[in-house]
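S.K.: please work out how this folds:
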Amino acid sequence: MTIAAVSTEESKQRIADVTHDLLCEADEVPDPRHQQCLDEVVLLNAPVARSIASRYRSKGVDADDLEQVAYLGLIKAANGYRVDAATAFLSYAVPTIRGELKRYFRDCAWTIRPPRRVQEMQGTIAAAEPELIQRLGHVPSNAETAEALGTAPAEIAEATSVRGCFNTLSLDAPGTQEGGTSLLETVADAENGYDLVENVHTLTPAVANLADRDKRILELRFCNGLTQEEIGNELGVSQMQVSRLLRGILETLRSELATAPNDRR
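M.R.: Coordinates of the predicted model:
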């Protein structure tokens with residue numbers, strides 16, 4: 001690990017510690033100090049909101065509008081976080097911010113418009129997800145979300161299956177994890193060795209030729225950062241099946257790299 005990386009990690013930890021202290025204080029004091037603490041939490045974590053908003057810029061929406069929506073999500077997170085929760089603030093805030101952005105796209109920015117009931121279910125899921133993550137300590141499965149919302153798992157699966165309707169999956173689009181890692185930078189081995197991809201022009205047609213389910217698996221694994229078990233829950237298959245599917249998909253992409261003409265490499 002480099003000195004810069006250590007410094008960055010220390011800075012993040014300091015911000016996390018100060019955020020926690022402010023939230024604890026806000027939980028114990030009345031206004032105006034209560035609101036002042038929450039305002040400071042928002043200011044401290046504003047870069048996280050901007051970072052998340054930046055990952056949606058390729059979807060045809062003004063960057064300033066996206067940041068305003070992300071800030072709204074951060075404010076909601078600061079007001080809704082429970083200091084006695086088992087999860088850290090950002091574990092609650094990040095899905096809250098994403099949920100706010102997803103609701104914005106649901107209402108304002110669809111490029112392929114699913115049925116209204118599906119859009120509404122997406123909004124309901126996005127609103128419920130942060131609370132479920134905080135309560136369960138992990139990203140809820142379709143079954144857990146369905147139970148919490150009093151609906152069928154199939155309805156949850158249908159709504160989550162159209163999350164990519166704003167834009168096609170892009171290899172060089174930023175992912176959703178803190179480092180902003182793109183799918184291009186991470187497609188390699190299912191568990192380690194992220195060193196496969198060297199040329200987007202070679203892999204783009206290979207990904208385009210994959211079956212829809214395979215594209216969805218890549219998106220869930222390398223853009224959304226889900227574990228194999230979580231992907232299995234999402235798709236209704238076992239973790240072992242997901243592992244085999246990922247291995248096959250990545251072997252296909254490796255083969256494409258190995259056989260691509262030089263002018264594409």
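S.K.: got the contact list for residue 137?
M.R.: Shown in contact with residue 137 (Cβ atoms under 8 Å, 6 or more residues apart in numbering): 86, 87. Heads up, the C-betas are built off the backbone N, CA and C, glycines and all.
S.K.: per-residue confidence for it?
M.R.: pLDDT, residue 137: 78.
S.K.: what do you get for residue 224?
M.R.: Looking at residue 224, its pLDDT is 62.
S.K.: swap in the one 4 residues further on?
M.R.: Residue 228 is assigned 79 on the pLDDT scale.
S.K.: with residue 102 instead?
M.R.: 82.
S.K.: I'd like the distance between it and residue 210.
M.R.: For residue 102, the distance to residue 210 (Cβ to Cβ, to the nearest Å) stands at 24 Å.
S.K.: who has more neighbours, these two?
M.R.: In terms of neighbours (other Cβ atoms under 10 Å), residue 102 is the more surrounded of residue 102 and residue 210; the figures are 22 against 16.
S.K.: the closest residue in space to that one that isn't next to it in sequence: how many residues sit nearby?
M.R.: Once flanking residues are discounted, residue 102 sits nearest to residue 126: 4.5 Å by Cβ to Cβ, 6 or more residues apart in numbering. Residue 126: 23 surrounding residues under other Cβ under 10 Å.
S.K.: for residue 126, helix, strand, or coil?
M.R.: Assigned with DSSP: H, G, I helix; E, B strand; the rest coil, residue 126 falls in the helix class.
S.K.: show me what contacts it?
M.R.: 98, 99, 100, 102, 103, 106.
S.K.: if we use 7 Å, what do you get?
M.R.: Residue 126 sits next to 99, 102, 103 when contact means Cβ atoms under 7 Å, 6 or more residues apart in numbering.
S.K.: where's the second one, which helix or strand?
M.R.: Taking DSSP states H and E as the definition, residue 102 sits inside helix 89-108.
S.K.: show residues contacting that helix.
M.R.: Residues from elsewhere that reach helix 89-108, judged by Cβ under 7 Å, 6+ apart: 19-20, 23, 45, 48-49, 52-53, 56, 59, 66, 69-70, 72-74, 76-77, 81, 85, 119, 122-123, 126-127, 129-130, 133-134, 166.
S.K.: so where's the longest helix in this structure?
M.R.: Criterion DSSP state H: the longest helix present in the chain is helix 3-26.
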